[in-house]
Structures are given as C-alpha cells and as structure tokens.
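Asker: Sharing a model prediction with you, sequence too.
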Amino acid sequence: MMSQVLRRLRGDGPTTLLTILVSVATLRGLASVVFTTTTTNVSHSAEPVAAPEAGIAIDDDVVTYDQVQPILRKHCLSCHNESQARGGLSLSGLDKIEAGSTSGDVVVPGAPEESLLYLVTAHLENPKMPPNKPKIPARELAIIEKWITTGLAKELGKEGNESKQSESDATEEEVGSGSMQGMQSMLSADAEESVSAKKTANTKETIETSTVSYIDATPLPQANPITAIAAHSTRSAVVVPGLGQILFMNGIGKESLKAIPVAANTITILSYSRNGKYLFVGCGTPGDWGKVLRLDLDSLQWDAPIGDESDTPLCMSESPDGRFLAIGNTSKNINVYEVSTGKLVHTLKKHTDWVTFVSWSPDGLLLASGDRFGSILVWEAESGKVFTNLRNHVGSVTGLVWSCDGDELFSTGWDGTLRRWDLHTQREVKNWPVHTKGSHGLLSLSRDQTVSAAHPLVSYGRDGRVRIWNLDGGLIAERSLGEEIVATAFSLSSDKRQLMVCDASGSISSLSIDSDNRLSEEMSSLSVPVKKVDSEFTLYRPSAPARLASVAKSESNKVAVSPMVSDSKSDSDLSKNMEVGNSVPATWKSRLASDLADSQRALDSIELSRAQLIESLSQIEESAARLKQLIAIQEARLKQLELSEEPK
C-alpha cells in the first residue's frame with residue numbers, strides 16, 4: 001500500500017490531476033498520517049483510469065482472487081474458459097491467469113495500469129471487453145484494480161515488479177524516517193494478517209469443510225420432479241435433494257426424514273462412494289459455478305470441495321479404487337480430479353456438446369463418456385487419450401453401464417434404444433428399442449453397477465415404464481407408473497432388493513425385485529414434505545397523494561386513504577397546490593419522499609418480474625427449438641427404417 005502511494009507521489013501513476021489522500025488511522029497507537037499531492041503527468045491513454053463512482057467503497061484492505069472470481073465468471077468466462085480460450089487466454093483459474101495469453105502477460109502484480117486484464121475491461125485500451133457490451137460496473141472494476149494492486153502478488157508468491165519495488169523502497173528511505181519505516185513494517189504485517197483472515201472468511205472451502213448435524217426437513221413449496229436420487233449399496237438409506245438440503249430417508253417405505261443443509265442453489269447429482277463411507281453431492285449455481293462436495297457419513301463432516309466448474313455438474317463417476325472423480329458438464333469437457341487432494345489430473349477435450357454421462361470401467365483402465373449429440377468416447381484413464389469413438393445414438397446419451405469383465409459397454413439415450421458395444425472390435429453388437437418416447441437412464445441390478453447374466457439391466461423412460469432386460473435384449477419384467485420417470489436408484493440391503501423410482505410428479509416409488517429379477521406386485525412409496533404456498537405477486541403500492549390535499553386543509557384532520565397506484569383527483573389537487581404562490585406545508589416533503597420511495601419500489605418489483613418472465617420465455621423458446629430438432633431427427637430415422645423394411 002505504501003509503495004503504491006509513493007509511486008503515485010513520484011508521478012508513476014496513470015492518473016491526471018488526481019489528489020491522492022491516504023489516511024492510515026489508529027495503527028497500534030499511531031496517529032493518522034495524511035499525504036496530499038497533485039500529479040501532472042499524462043496517462044498513456046486519452047481517458048483517465050476509471051475510479052469507483054461516488055458512494056462506492058471497497059472496504060477490504062486486501063482483495064483476493066475469491067472475490068474477483070465471480071466477476072470474471074459473470075463477464076469473461078463465456079469466451080475465456082478451458083474449452084474456448086479465445087486469444088489463448090483462460091480466466092478459469094489463478095494459474096491460467098498467471099500463464100497469460102498468446103500476446104503475453106495479462107496481469108502485472110501491483111500495477112493495474114500495466115495489466116491488460118484491467119485496461120481492456122475498463123475500456124482504456126483496445127479491444128474493449130466484454131466485446132459489443134457496455135463497460136462492466138465501476139464497483140466491479142474497482143475490485144479488479146484493487147486485487148491487482150493488493151492481493152495478486154501475495155497469491156502468486158511474488159512481491160510485484162522488482163524495478164518498481166526497488167525504486168519505491170529507495171523513495172521511501174528518502175521521504176520517510178525511522179518511525180515511517182516502523183509504520184511500514186506494521187502495515188505489511190497487518191496486510192499479511194488481513195490476507196490470511198480474508199482467505200479464511202471468504203473461501204467456499206472453509207464454509208463447506210465444517211461439521212454439520214441433522215435438522216428438520218424444510219417442506220417444498222410444491223411437488224417438483226426429483227431428478228437426482230442415490231441409494232446406499234448395503235443400507236436401507238435413500239437420499240434426494242430438498243430445498244437447500246439433502247433429505248435422508250432412512251428406512252425404505254417410512255416417512256421419517258432427516259436433512260443436511262447444503263450451501264448451494266441447485267443440487268444436480270447425488271451418489272454414494274463405492275466403499276459406502278461418503279456421499280458425493282454435485283451442486284452449484286447454474287451458469288456461475290459448480291463443485292462436488294463429499295460428506296463423511298460417520299462424522300457428518302464436509303470434506304474440501306472437488307472441482308471448480310463454470311456450471312453445475314451434469315454427471316460424475318468415482319473410479320473403482322476411489323482415487324479419482326470424473327465430472328462432466330456444459331463445458332463439453334471432462335475434468336478428472338484426485339479425490340483426496342482435489343487436484344485436477346486430466347481435462348479431456350473431444351466432445352462437441354454437453355457431457356451428459358460418465359462411467360469408469362471395472363478395472364479403472366478406461367473411462368466412458370456420452371454427450372448430448374449422441375457420441376460416446378472411451379478414454380485411456382492414465383494417459384487421457386481417446387481409446388475409441390462409438391457413434392450410433394441419435395440424441396443425448398443418458399446411461400452407460402459396463403459389463404463385469406470390462407469387455408462390453410451398454411448405452412441408452414433419447415432415441416429410445418439400448419445398444420451393446422464390443423470394446424475389442426469397437427463395434428456395436430446389438431441394439432433394441434426400450435422406450436418409445438426416449439430413455440432417461442440405465443442401471444444394473446448389482447452392487448458395483450456392472451452387468452452380467454445374474455445382474456441384468458434396468459431402463460426407465462419418458463413413457464412412464466421401468467423395464468428389466470437380459471444381455472441379449474430379452475424383456476424380463478416391466479412396470480408402468482403412468483408419469484414420466486426421471487431418475488432411479490438400486491437399493492440392496494440384507495433382506496431385500498429394491499428399485500427406487502422418481503417420476504415427473506415428484507413421487508418416489510419403491511419396487512421390490514425377487515430372486516428371478518422380476519418386479520413383484522409389492523410397491524410402497526416415499527414422500528417428500530410439501531407445504532403449498534399461495535402464489536403471491538409482491539407489489540409495493542405508493543400511498544395516494546390525495547391525503548396531502550387533506551393535510552393542506554387541516555393539519556390536525558388526518559384522512560385515511562386506501563393505497564392506489566394512480567389517483568387522477570389527487571394528482572390535480574397536488575398540481576394546483578404546487579403552483580407558484582401557493583404555500584406548501586412542511587410536512588409535505590417527508591410525505592412526498594415516502595411516496596416517491598414507494599413508487600420506486602413498485603417499479604423495481606415490476607421490472608424484476610418482467611426480466612424473470614423474459615428469461616423464462618427465452619428458455620422455453622430454446623427448449624422448443626431443441627424439441628423441433630429432435631422430432632426432425634426422429635422422423636428421419638423412422639422414415640429410414642420404413643424404407644429399409646419395404647420389400648425390394
């Protein structure tokens with residue numbers, strides 16, 4: 001901080017006619033010290049360096065990367081991410097920012113005026129970023145500037161620009177005395193303590209690595225489809241997402257619930273670890289960030305989060321030895337992390353669309369992944385190279401299951417087919433239709449989720465049916481539940497095998513499976529607490545100005561008027577009394593201010609609702625476009641099949 005000030009005092013800063021006022025107050029009993037000076041040098045840019053707007057204050061003495069990361073995610077990561085690093089620049093991590101772009105470094109610790117990242121976002125240099133958009137808010141620019149000035153050098157393990165640092169130190173010796181040097185050492189110590197405190201207070205890892213306890217389940221406002229479910233491999237324990245919680249249903253068929261809070265907006269995936277000691281929770285904020293949390297089921301301790309994704313995870317899979325976790329999402333990449341340390345081991349880049357499913361082979365040598373386009377890639381786990389590419393699905397791949405020997409792979413998807421692949425010949429062996437409206441997923445009736453003659457396949461789909469298949473495509477059993485089935489899990493306890501089925505209505509059904517792999521007539525249900533809340537549209541209505549006319553007639557006579565959004569009579573009365581020459585009561589000022597505030601809140605409420613409706617409409621239009629594309633593909637496929645079946 002002192003070095004920065006002295007650089008500006010000497011004229012190294014980029015500002016023009018800027019008065020720098022630095023006040024260091026009450027530092028270990030020292031009085032405030034104020035330096036005021038005016039610099040006259042001209043910046044390299046025609047515009048002055050952007051400063052925070054009036055009323056915007058950055059209270060933190062040291063800004064860390066954790067505080068800057070949300071700003072970069074919001075404005076920059078759509079173009080500068082791992083899968084799409086335009087200009088060779090990725091802003092997805094501190095190490096990537098340090099690596100710079102194809103043009104060189106983008107940040108210079110301690111010198112925002114030399115950091116391209118700050119200059120282009122502040123529109124001080126070309127190309128102005130974000131492209132074809134307004135400059136990002138001044139407060140966010142100020143946070144980036146202060147991070148480069150204060151926190152960046154510490155986080156990169158550097159002291160900043162050596163030449164400038166040596167010049168600053170020399171200037172400090174000339175200007176400062178012994179007491180000034182003592183104060184500077186105190187400032188350095190305090191800044192170091194501040195960085196440590198900020199990291200402890202602000203990182204998600206610190207919040208999420210705390211011990212938690214069971215709490216009461218919060219009822220859902222309405223019954224929603226349950227899109228994620230996990231069942232323990234040896235216990236009667238089922239887990240589903242709740243409202244900012246994980247709901248533990250201990251005892252299948254019972255309604256006793258326990259909940260664990262989760263600090264995330266959305267929970268997308270749930271999975272028990274292979275050894276049954278942990279629960280993996282894929283969560284985050286859509287379009288902003290995503291992580292996988294790991295909960296120790298014995299101690300109820302959150303371990304350090306795994307991953308640092310730019311969106312919520314769509315799929316994940318733990319390696320057979322429990323060492324690695326593969327995560328796929330909308331970035332079209334698969335990130336493989338070491339579970340114990342959270343270290344990124346591989347980033348697998350070959351998919352052309354969202355990665356929708358990942359699955360490790362039983363020996364852990366291969367990793368299979370499917371995407372929304374219908375491609376299946378099989379990777380060598382150690383090298384991260386593509387082993388083979390399997391293409392035949394039309395539409396998203398929704399399920400992958402390995403054979404117990406790892407020689408075959410079974411897949412299903414939105415095209416409603418189940419396909420059997422031979423990994424030795426890298427060809428499709430057989431395929432058969434399983435669900436007319438598309439298949440939502442595939443699993444095995446085995447503890448390790450591999451398929452064999454004794455542990456057949458289970459498919460579930462949009463037609464509301466659950467079907468059990470042998471390896472050659474023979475139907476063993478089926479059950480219709482009416483509603484579209486969106487998620488299932490297999491539960492194996494000491495006395496029974498059960499299939500947990502979630503449908504689009506939000507209900508969870510438990511189907512018993514006998515020794516012949518057939519679905520018995522016995523069926524029970526689990527209930528998620530729902531407390532319906534009447535829909536309300538919050539609108540702040542300003543008080544009618546008509547009461548002001550009443551006050552003008554008689555200060556003591558208070559007339560109660562029902563709040564209205566508009567009142568033409570009161571408007572005319574108000575205008576008449578506001579004419580030049582008419583006296584205005586002093587109490588009108590506060591009442592007018594109150595009415596103005598009410599009107600502003602009403603406008604803000606309406607604008608927010610309008611923005612939400614526009615966003616919802618955009619999502620609906622996008623979904624409609626995708627459905628039209630899928631329908632066209634399915635019609636073409638059906639036409640092709642009809643032509644192939646015609647007698648020649």
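Answerer: Done, it's in.
Asker: Now stretch 133-151: buried residues?
Answerer: Of the residues in stretch 133-151, those buried by neighbour count under the rule 16 or more other C-beta atoms under 10 Å are 136, 140-151. Bear in mind the C-beta positions are built from the backbone N, C-alpha and C, glycine included.
Asker: now swap in stretch 404-420 and tell me
Answerer: So, applying 16+ other C-beta under 10 Å, buried residues of stretch 404-420: 404, 406, 408-420.
Asker: ditto for stretch 211-223
Answerer: Residues of stretch 211-223 classed as buried: 212, 217, 220 (neighbour count, 16+ other C-beta under 10 Å).
Asker: just to revisit the earlier point, which one of the buried residues of stretch 404-420 is nearest residue 518?
Answerer: Distance to residue 518 across the buried residues of stretch 404-420 (C-beta to C-beta) is lowest for residue 418, with 18.7 Å.
Asker: That closest one belongs to a strand?
Answerer: Yes. Under DSSP: H, G, I helix; E, B strand; the rest coil, residue 418 sits within a strand.
Asker: ok, now which ones touch it?
Answerer: Residues in contact with residue 418, defined by C-beta atoms under 8 Å, 6 or more residues apart in numbering, are 410-412, 431-434, 439, 442, 457, 459, 469, 473.
Asker: redo that, cut-off 6 Å
Answerer: Contact analysis of residue 418 by C-beta atoms under 6 Å, 6 or more residues apart in numbering lists 412, 432, 434.
Asker: which among the residues you listed gets closest to residue 258?
Answerer: Once C-beta to C-beta is applied, the member of the contacts of residue 418 that ends up nearest residue 258 is residue 412, at 33.3 Å.
Asker: that older thread, can you redo the buried residues of stretch 133-151 as TSV with pLDDT and distance to residue 368?
Answerer: As requested, the buried residues of stretch 133-151 are exported to TSV (pLDDT from 0 to 100; distance: C-beta to C-beta, whole Å):
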residue	pLDDT	distance to residue 368
136	87	41
140	88	41
141	88	45
142	89	47
143	90	42
144	90	41
145	89	46
146	89	46
147	88	41
148	90	43
149	88	47
150	87	46
151	84	42
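Asker: What about the residues you listed, which are in strands?
Answerer: Assignment to strands by DSSP state E places none of these there.
Asker: any idea how far residue 594 is from residue 600?
Answerer: Distance of residue 594 to residue 600, given as C-beta to C-beta, to the nearest Å: 11 Å.
Asker: What is the subsequent helix or strand relative to the helix or strand of the chain with the lowest mean pLDDT?
Answerer: Every helix and strand in the chain was compared by mean pLDDT, DSSP states H and E; the lowest is strand 33-35, with a mean of 31. Later in the chain than strand 33-35, the nearest helix or strand by DSSP states H and E is helix 65-75.
Asker: What is the subsequent helix or strand relative to that following helix?
Answerer: Using DSSP H and E, the helix or strand that follows helix 65-75 towards the C-terminus is helix 94-99.
Asker: The helix or strand just after that following helix - what's its average pLDDT?
Answerer: For helix 94-99, the succeeding helix or strand toward the C-terminus, using DSSP H and E, is helix 116-121. The average pLDDT for helix 116-121 rounds to 88.
Asker: before we move on, what about stretch 331-347?
Answerer: For stretch 331-347, the per-residue pLDDT averages 93.
Asker: how far is that stretch from where the chain is centred?
Answerer: Distance, stretch centre to chain centre, for stretch 331-347: 16 Å (C-alpha atoms, centre = their mean, to the nearest Å).
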